[in-house]
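Asker: Sequence first, then the predicted structure, then my questions.
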Amino acid sequence: MTSSSLRKRKKRLRILKNKRVLLGITGGIAAYKSIDLARRLGDEGASVVVAMTEAAKQFVTPLSLEVASQNKVYTSLFDEPMAHISLPSSADVMVIAPATADIIAKFAHGIADDLLSTCFLSYSGKVVIAPSMNWRMYENRIFGENLRKLLSTGVVQVGPERGDLACGEEGIGRMAEPAEIVETVMSALTEKDLAGEKMVITAGPTREYLDPVRFISNRSSGKMGYALARAARDRGASVILISGPSYLKKPQGVGFVGVETSAQMMKSVKQSVQGDTTVLVMAAAVADFSPAVTSRTKIEKTGDLNIPFRQTEDIISSVLGAGKRPYIIGFAAETGNNIARAQKKMKVKNMDMVVFNDVTEAGAGFDVDTNKVVIIDRKGKTRLEVMSKDSVADAIFDRFIEIKA
Ligand code: CTP
């Protein structure tokens, strides 16, 4: 791996460092979460400047935001001459959270009658909005038209979520959580060096049923596959994530298929990998064995149990048969430093890249946030130190880009 790609990867993960975020807060009950959002953006190294609407001041005080952002808070067009030009011109990204139906309508129609709406009109950079409102408003046709119009100009939307709303009703309209908004802002700022790639990524374990209530599975959490899906999405790829059972949150902005068994995963991969799929990443820990017969009723306890297992069909090999094949990245989870075994797997399965990890090593393996891998491809080996699974995901795609170049 070249030092320039290492630098690029580190830069992406610290993308908010020294960036200026103009955080617009409008009048919704979710405004209280914006205090946390300002703090989190600051924790990522960003300098946050807040512009609040009059209505937002009914929900949170400028002083709270001043403390959270450690910066002056702007509330009026007349706070400072030309603030509507100077604030946007020095911002790397504008984030509106919460974004009410009112501000979305104003933005969509170019109405500029207060500080925030004038800032928006004079800004030409990336804008992220986190809508928040009652579900009836969110589902309103006119609001929908305004939102679509705004999104068609390149504005990025995060949330809202479905759940209990402040008014006591249930439905879609809850503002996305601050952590997710930060993730979206980082993604919006990331260089789209995987644009044009169509990826199918598998993640997590599979379950192989003995009977309707019992199954065998493995310790995979899905963390590596989900990190790959997020990284590919942030870098501009279109992604389908096929996941075995996992407690992880579905990444936004990717196609998602939930499966349980290796047979379902096989079916889903076959359906998802199309002629225009450019990359298949098999990060799933697909079970190698499945009970030869799955009992339709619960197996009764009558003494020791011997169950014959059959080897599952290999998913990678099934994709290879189909006409134009995608670039195939597989994983080899080994117990011990057996790189030769991973290399052999790569050859036998005709993979283009295999990511080796020794699951018994400290900082690698199941349900941890870090991994220590060796990336093996047709041109050589890249040994990486222990790093977050997000960084490993970036390293894998950096190498993919290097090879393609
Ligand atoms: N894999 C697959 N279909 C299977 C089993 C595994 O496509 N039925 C994929 C995995 O997702 C992984 C790669 O093949 O990317 C290697 O998986 P692994 O289980 O480590 O290798 P095996 O070839 O099954 O070898 P072994 O179990 O002997 O280590």
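Answerer: Structure received.

Asker: going forward, measure contacts between C-alpha atoms and count neighbours the same way
Answerer: Will do.

Asker: what's the burial count for Ser318?
Answerer: 13 (other Cα atoms under 10 Å).

Asker: Quick check: closest non-adjacent residue to it.
Answerer: Spatial nearest neighbour of Ser318, excluding adjacent residues (Cα to Cα, 6 or more residues apart in numbering): Lys270 at 7.7 Å.

Asker: Doesn't the one you found lie inside a helix?
Answerer: Yes - Lys270: assigned to a helix according to DSSP: H, G, I helix; E, B strand; the rest coil.

Asker: Which pLDDT does the model give it?
Answerer: On pLDDT, Lys270 comes in at 95.

Asker: does the nearest residue to Val73 once chain neighbours are set aside sit in a helix, a strand or a coil?
Answerer: Nearest residue to Val73 in three dimensions, chain neighbours excluded: Val50, at 5.0 Å (Cα to Cα, 6+ apart). The three-state assignment at Val50 reads strand, by three-state DSSP.

Asker: Who does Val50 form a beta bridge with?
Answerer: Listed by DSSP bridges, the beta-bridge partners for Val50 are Leu23, Val73.

Asker: can you pull the contacts of it?
Answerer: Leu22, Leu23, Gly24, Ile25, Leu65, Glu66, Ser69, Asn71, Lys72, Val73, Tyr74 (Cα atoms under 8 Å, 6 or more residues apart in numbering).

Asker: show me where pLDDT drops low in the stretch 201-350 of the chain?
Answerer: 321-323 (pLDDT under 70).

Asker: mind checking how far Thr382 is from Ala332?
Answerer: According to Cα to Cα, to the nearest Å, Thr382 and Ala332 sit 15 Å apart.

Asker: what about Ile316, which SS state?
Answerer: Secondary structure, three-state DSSP: Ile316 is helix.

Asker: Disregarding residues adjacent in the polypeptide, which is nearest to Pro62?
Answerer: Val73 (6.2 Å).

Asker: what's the neighbour count on the one you found?
Answerer: 21.

Asker: That one contacts Lys57, correct?
Answerer: No - checked against Cα atoms under 8 Å, the pair Val73 and Lys57 is beyond contact range at 11.2 Å.

Asker: Could you confirm Ile129 falls within a strand?
Answerer: Yes - according to three-state DSSP, Ile129 belongs to a strand.

Asker: Can you tell me the element the residue nearest the centre of the chain falls in?
Answerer: For the chain, the residue sitting closest to the mean C-alpha position, by Cα atoms, centre = their mean, is Arg230 at 3.2 Å. For Arg230, the host element (DSSP states H and E) is helix 223-234.

Asker: and the helix or strand just after that helix, C-alpha only, in CSV?
Answerer: Heading C-terminal from helix 223-234, the first helix or strand you meet, by DSSP H and E, is strand 238-243. The C-alpha coordinates for strand 238-243 follow below in CSV (Å, rounded to 0.1, in the frame of the first residue of the first chain):
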residue,chain,number,x,y,z
SER,A,238,-24.0,1.9,-5.0
VAL,A,239,-24.3,-0.9,-2.5
ILE,A,240,-26.6,-3.9,-1.7
LEU,A,241,-25.9,-5.3,1.8
ILE,A,242,-27.0,-8.9,2.3
SER,A,243,-26.8,-9.6,6.0
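
Asker: show me the contacts for Ala91.
Answerer: By Cα under 8 Å, 6+ apart, the contact list for Ala91 reads Lys19, Arg20, Val21, Leu22, Gly125.

Asker: Enumerate every residue touching the fourth one.
Answerer: In other words, Leu22. Contacts for Leu22 (Cα under 8 Å, 6+ apart) come out as Val48, Val49, Val50, Ala51, Leu87, Pro88, Ala91, Asp92, Val93, Met94, Val95.

Asker: Please enumerate the helices of the stretch 51-200 of the chain.
Answerer: 62-69, 83-89, 101-109, 115-121, 135-138, 141-151, 178-189 (DSSP state H, counting those that start in this stretch).

Asker: between these, which gets the lowest average pLDDT?
Answerer: helix 83-89 (a mean of 90).

Asker: Show me what that one is packed up against.
Answerer: helix 115-121 (3 or more Cα pairs under 8 Å, 6 or more residues apart in numbering; DSSP states H and E).

Asker: So which residues make contact with the helix it packs on?
Answerer: Helix 115-121 is contacted by residues 24, 51-53, 75-77, 83-85, 87-88, 103, 106-107, 110-112 when judged by Cα under 8 Å, 6+ apart.

Asker: Filter those down to the buried ones.
Answerer: Burial by neighbour count, 16 or more other Cα atoms under 10 Å: within the contacts of helix 115-121 this picks out 24, 51-53, 75-77, 83-85, 87-88, 103, 106-107, 112.

Asker: For the stretch 151-300 of the chain, which residues are neighbours of the ligand?
Answerer: Residues of the stretch 151-300 of the chain found near the ligand (Cα under 6 Å from any ligand atom) are Met282, Ala283, Ala284, Ala285, Val286, Asp288.

Asker: Extract the CA atoms of whichever strand or helix holds Ala332 and return them as PDB.
Answerer: Per DSSP H and E, Ala332 falls inside strand 327-334. Provided in PDB are the C-alpha atoms of strand 327-334 (Å, rounded to 0.1, in the frame of the first residue of the first chain):
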ATOM      1  CA  TYR A 327     -14.200  -8.500  -8.900                       C
ATOM      2  CA  ILE A 328     -14.400 -10.900  -6.000                       C
ATOM      3  CA  ILE A 329     -13.100 -10.000  -2.500                       C
ATOM      4  CA  GLY A 330     -13.400 -12.800   0.000                       C
ATOM      5  CA  PHE A 331     -12.400 -13.300   3.600                       C
ATOM      6  CA  ALA A 332     -10.300 -16.000   5.200                       C
ATOM      7  CA  ALA A 333     -10.800 -16.200   9.000                       C
ATOM      8  CA  GLU A 334      -8.200 -18.600  10.200                       C
END
